[in-house]
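Visitor: Got a sequence here, can you model it:
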Amino acid sequence: MLLVYVRRFISLVKFEHSVFALPFAYSAAFLAEMRVPGFWRLFWITVAMVAARSFGMAINRLIDAEIDARNPRTAGRELPAGRLSRRQVWIFTLASLAVLVGATFNLPVITRYLWPVVVIPMVVYPYTKRWTWGCHLVLGLADGLGPVGAWVAVTGAVSWEPFLLGAGVGLWIAGFDVIYAFMDIVVDREQGLHSIPADLGERAALWATRLFHLAAVALLAATGFAQDAGPVYYLGVAVCAGLLAYENWLMRRAELEKVGVAFMTMNGIISVVFLFFTTLSLFVP
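Guide: As a prediction, this is how the structure comes out:
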């Protein structure tokens, strides 16, 4: 029975999607001082990132439970389907928040005071889709603060450089969230929910994704310039740009059957590729 509930909670927060977030957090930690931090620093950054993401996904599921129940695509999720109760998910949500706060006590002191800055956008995001198509950018903000937090956890100070990387990651996330929203255009319009595809149409959504991703690549390159990164880093940015171009090519006609490939496979590859080249750049002049 315990294993059953473990699997349900893993499914609730889509734990496998951590492949999107963790590589960028590690990249931020490496870029912060252009070297690999110690094991325990990376360990607590990992704990904080996983806990923050688990909190964000769980609170999203709680806030959107009624909306999910009315959407055929999401009606089978744990809360609408009754496989987990609201009480159980609330306990998990608060436990994730507690783990996040606990992790900050093993990181530089400044992180103990800044964790609410990361958490607040996660709580706000689910509500934004109820009143603006700008919800994708709010999600990008919530996720983009992860690399910024990892950077601060290494340096122990807030500076402007990590916000270049955070903004780049945020626009990357916002872009593929626009792609993801294609699957719910009809339901969103019926329920009065907002997204760029539902509000502005498919053509505008495809162009918004392209612009977000173009800006993301520029910001990733600017991060390397700010940190005086070597050619290998820029090669990684170029490879990521090519993968993003391919992802947008896959979605050029808003074909819903391509969303799974574009959203899941390509974005997981992009984040790992970026981490690989960022790490390699630390050792190859």
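Visitor: can we go C-alpha only for contacts and neighbour counts from here?
Guide: Fine.
Visitor: Show the contacting residues for residue 130.
Guide: Residues in contact with residue 130 (Cα atoms under 8 Å, 6 or more residues apart in numbering) are 192-194.
Visitor: Need the pLDDT of it.
Guide: Reported pLDDT at residue 130 in the predicted model: 96.
Visitor: ok, of the contacts of residue 130, which come out buried?
Guide: For those, a burial check counting by 16 or more other Cα atoms under 10 Å picks out 193-194.
Visitor: pLDDT and distance to residue 200 added to the contacts of residue 130, as TSV?
Guide: Below are the contacts of residue 130 laid out as TSV (pLDDT from 0 to 100; distance: Cα to Cα, whole Å):
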residue	pLDDT	distance to residue 200
192	94	13
193	96	12
194	97	10
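Visitor: Just send the contacts of residue 130 back as TSV, with secondary structure and distance to residue 173 too.
Guide: Shown next, in TSV, are these (DSSP: H, G, I helix; E, B strand; the rest coil; distance: Cα to Cα, whole Å):
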residue	secondary structure	distance to residue 173
192	coil	23
193	coil	20
194	coil	17
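Visitor: Tell me the one among the contacts of residue 130 nearest to residue 133.
Guide: residue 194 (4.8 Å; Cα to Cα).
Visitor: Helix or strand for residue 115, just tell me which one.
Guide: For residue 115, the host element (DSSP states H and E) is helix 111-128.
Visitor: what do you get for residue 93?
Guide: helix 86-104.
Visitor: rewinding a little: let's have the contacts of residue 130 in CSV, adding distance to residue 169.
Guide: Converted to CSV, the contacts of residue 130 look like this (distance: Cα to Cα, whole Å):
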residue, distance to residue 169
192, 29
193, 25
194, 22
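Visitor: Residue 160: which of the contacts of residue 130 is nearest?
Guide: Using Cα to Cα, the contacts of residue 130 come closest to residue 160 at residue 194, 32.0 Å.
Visitor: for that closest one, what are its contacts?
Guide: Residue 194 neighbours (Cα under 8 Å, 6+ apart): 129-133, 135, 188.
Visitor: ok, which pair from those is furthest apart?
Guide: 135 and 188, at 12.8 Å, using Cα to Cα across these.
Visitor: any residues in contact with both of the two?
Guide: By Cα under 8 Å, 6+ apart, residue 135 and residue 188 have these common neighbours: 194-195.
Visitor: Tell me which residues of whatever helix or strand residue 10 lives in come out buried.
Guide: Here residue 10 sits within helix 2-12, counting by DSSP H and E. For helix 2-12, the neighbour count (16+ other Cα under 10 Å) marks 8-9, 12 as buried.
Visitor: can you check stretch 237-254 too?
Guide: Applying 16+ other Cα under 10 Å to stretch 237-254 flags 237-241, 243-244, 247-248, 251, 254 as buried.
Visitor: from the chain's centre, how far out does that stretch sit?
Guide: Offset of stretch 237-254 from its chain centre (Cα atoms, centre = their mean, to the nearest Å): 18 Å.
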